[in-house]
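Enquirer: generate coordinates for the sequence data below:
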Amino acid sequence: MTVPRPVVLSGDRTTGPLHLGHYAGSLKARVELQHHADQILLLADLQALTDNAGRHHKVASHVIEVALDYLAVGIDPALSTLVVQSQVPELAELTMLLMNLVTVSRLERNPTIKEEIRLRGFERDIPAGFLVYPVSQAADITAFQATVVPVGNDQLPMIEQTNELVRSFNASVGADVLVECSALLTSVPRLPGLDGKAKMSKSLGNAIALAASPDEIRAAVRRMYTDPKHLRVDDPGTVEGHVVFAFLDAFETDTGRVEQLKAHYRRGGLGDSTLKRELEDRLQALVAPLRERRARFADDRSAVWVLLEQGTRRGREKAAATLGAVKRALGLAHFA
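Expert: This next block holds a predicted model:
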């Protein structure tokens with residue numbers, strides 16, 4: 001008996017170019033997953049608008065940029081379905097139907113949403129679209145009948161809420177129409193920003209873009225946060241919180257070499273400038289082929305748009321089938 005391949009849904013908000021934090025945290029894994037699963041990658045431009053009102057030009061212009069980043073790292077449109085969220089209206093309709101099954105207080109208790117609200121300084125002035133983001137995500141997952149969703153620990157409450165909505169809907173119609181999903185936890189720690197802050201973000205200016213030039217990589221490594229108490233080469237240093245070591249952990253394949261460097265730094269005698277040169281060499285070697293491949297695809301952007309249109313069409317067919325089943329279960333398929 002043939003075991004069906006898992007259906008994996010992942011994606012990114014189109015708010016800016018992707019960076020090395022995305023590569024370490026998800027993109028590299030997606031390249032592998034596409035060989036073992038039916039993978040759908042959502043370019044979430046609608047979701048990006050929930051906290052970018054008035055900046056729609058930025059969101060729209062980055063759809064193609066995120067697609068180019070996908071292709072640069074090795075995402076193959078023949079193996080992964082690339083879907084532009086705004087071009088699948090079924091997702092918005094399914095979101096509306098699922099919103100009837102959740103209360104505002106439940107949405108406000110979602111730990112992920114609470115933290116995102118705090119980070120953005122919304123306080124009580126929360127855009128309604130942002131507050132119902134977990135419902136929108138549930139619609140994305142269920143519309144494409146995803147069984148596996150790669151997430152970090154901070155996103156687990158979103159998966160829990162999705163499955164709550166699935167169970168509530170199925171119970172309300174007395175049939176298993178929607179499918180629950182499982183979380184695929186990433187084993188890679190979140191890459192810190194260059195300044196040592198918890199999160200790498202292009203908007204904070206503490207990220208290295210996948211298309212970064214050699215000079216940009218060099219400048220970024222030079223300003224990486226190190227141990228502020230490590231004033232002389234001979235001084236013992238602290239590895240924890242040292243951004244250069246965090247990057248070496250993420251990108252140096254020779255783990256034994258990294259452990260040797262850590263031991264040397266802790267006992268003293270290893271300068272930060274030497275460490276940074278080693279990391280820069282590793283990052284230059286990593287990014288160069290990505291940058292070159294991205295440039296080749298960028299030479300024919302119209303062909304990339306065709307790939308997006310083809311993938312979106314396939315994705316929309318699946319979403320339409322799910323929405324049709326939902327509406328039939330609710331008695332709303334009046335003219336079908």
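
Enquirer: for residue 272, give me its contacts.
Expert: Applying C-beta atoms under 8 Å, 6 or more residues apart in numbering to residue 272 gives the contacts 226-227, 230, 237, 244. Any C-beta I mention is one placed from the backbone N, CA and C, and that applies to glycine too.

Enquirer: an error on my part: the question was meant for residue 324.
Expert: Residue 324 neighbours (C-beta under 8 Å, 6+ apart): 333, 336.

Enquirer: how far does the host helix or strand of it sit from its chain's centre?
Expert: Residue 324 is part of helix 301-330, with elements assigned from DSSP states H and E. Computed by C-alpha atoms, centre = their mean, to the nearest Å, the chain-centroid distance of helix 301-330 equals 20 Å.

Enquirer: buried residues in that helix?
Expert: Neighbour counts using 16 or more other C-beta atoms under 10 Å place 304, 307-308, 311-312, 315-316, 318-319, 322-323, 325-327, 329 of helix 301-330 among the buried residues.

Enquirer: which residues of the stretch 51-200 of the chain score low on pLDDT?
Expert: Within the stretch 51-200 of the chain, the ranges that satisfy pLDDT under 70 run 198.

Enquirer: skipping its backbone neighbours, what lies nearest the residue of the chain positioned farthest from its centre in space?
Expert: Ranked by distance from the centre of the chain (C-alpha atoms, centre = their mean), the top residue is residue 234, with 40.5 Å. With sequence-adjacent residues excluded and distances taken as C-beta to C-beta, 6 or more residues apart in numbering, residue 234 is closest to residue 268, at 4.9 Å.

Enquirer: hang on, isn't that neighbour packed against residue 235?
Expert: Yes: the criterion here is C-beta atoms under 8 Å, and residue 268 meets it with residue 235 at 5.5 Å.

Enquirer: got the buried residues for the helix or strand hosting residue 62?
Expert: Taking DSSP H and E as the criterion, residue 62 maps to helix 56-73. Neighbour counts over helix 56-73 (16+ other C-beta under 10 Å) mark 59, 62-73 as buried.

Enquirer: other residues contacting it?
Expert: Contacts of helix 56-73 (C-beta under 8 Å, 6+ apart): 12, 14-18, 22-23, 27-28, 30-31, 41, 43, 45, 48-49, 52, 77, 80, 82, 84, 210-211, 290-291, 293-294, 297-298, 301, 304-305, 307-308.

Enquirer: contact partners for residue 316?
Expert: Residue 316 makes contacts with 83, 87-88, 90, as judged by C-beta under 8 Å, 6+ apart.

Enquirer: 10 Å - rerun?
Expert: Contacts here follow C-beta atoms under 10 Å, 6 or more residues apart in numbering; on that basis residue 316 touches 83-84, 87-91, 143.

Enquirer: restricted to helices, list those.
Expert: 89-91, 143 (DSSP state H).

Enquirer: from those, which is closest to residue 201?
Expert: Nearest to residue 201 among the ones in helices among the contacts of residue 316 is residue 91, at 25.8 Å by C-beta to C-beta.

Enquirer: go ahead and confirm that closest one touches residue 315.
Expert: Yes: at 9.3 Å, residue 91 counts as touching residue 315 under the criterion of C-beta atoms under 10 Å.

Enquirer: what about the helices in the stretch 201-336 of the chain?
Expert: Taking DSSP state H, counting those that start in this stretch, the helices of the stretch 201-336 of the chain run over residues 214-222, 243-251, 255-267, 272-298, 301-330.

Enquirer: for the second one, packing partners?
Expert: Taking 3 or more C-beta pairs under 10 Å, 6 or more residues apart in numbering; DSSP states H and E as contact, the helices and strands that helix 243-251 lies on are helix 20-22, helix 214-222, helix 255-267, helix 272-298.

Enquirer: kindly state the domain boundaries assigned to the protein.
Expert: 7-191+301-330, 214-295 (automatic domain parsing).

Enquirer: now distance to residue 201 too, for those domains, in CSV please.
Expert: As requested, these are arranged in CSV below (distance: least, C-beta to C-beta, whole Å):
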stretch, distance to residue 201
domain 7-191+301-330, 8
domain 214-295, 13
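
Enquirer: those: which one's closest to residue 205?
Expert: Residue 205 lies closest, by C-beta to C-beta, to one member of the domains of the chain: domain 214-295, at 10.0 Å.

Enquirer: what's the end-to-end length of that closest one?
Expert: Chord length of domain 214-295, first to last residue, is 14 Å (C-alpha to C-alpha, to the nearest Å).

Enquirer: run the chain-centre distance for that domain.
Expert: The mean C-alpha position of domain 214-295 is separated from the chain mean by 24 Å, C-alpha atoms, centre = their mean.

Enquirer: for stretch 297-315, same thing?
Expert: 20 Å.

Enquirer: rewinding a little: run through the residues that contact the residue nearest to residue 234.
Expert: Residue 268 neighbours (C-beta under 10 Å, 6+ apart): 230, 232-237.

Enquirer: that older thread, give me the buried subset of the contacts of residue 316.
Expert: With neighbours counted using 16+ other C-beta under 10 Å, the contacts of residue 316 contain these buried positions: 83-84, 87-88, 90-91, 143.
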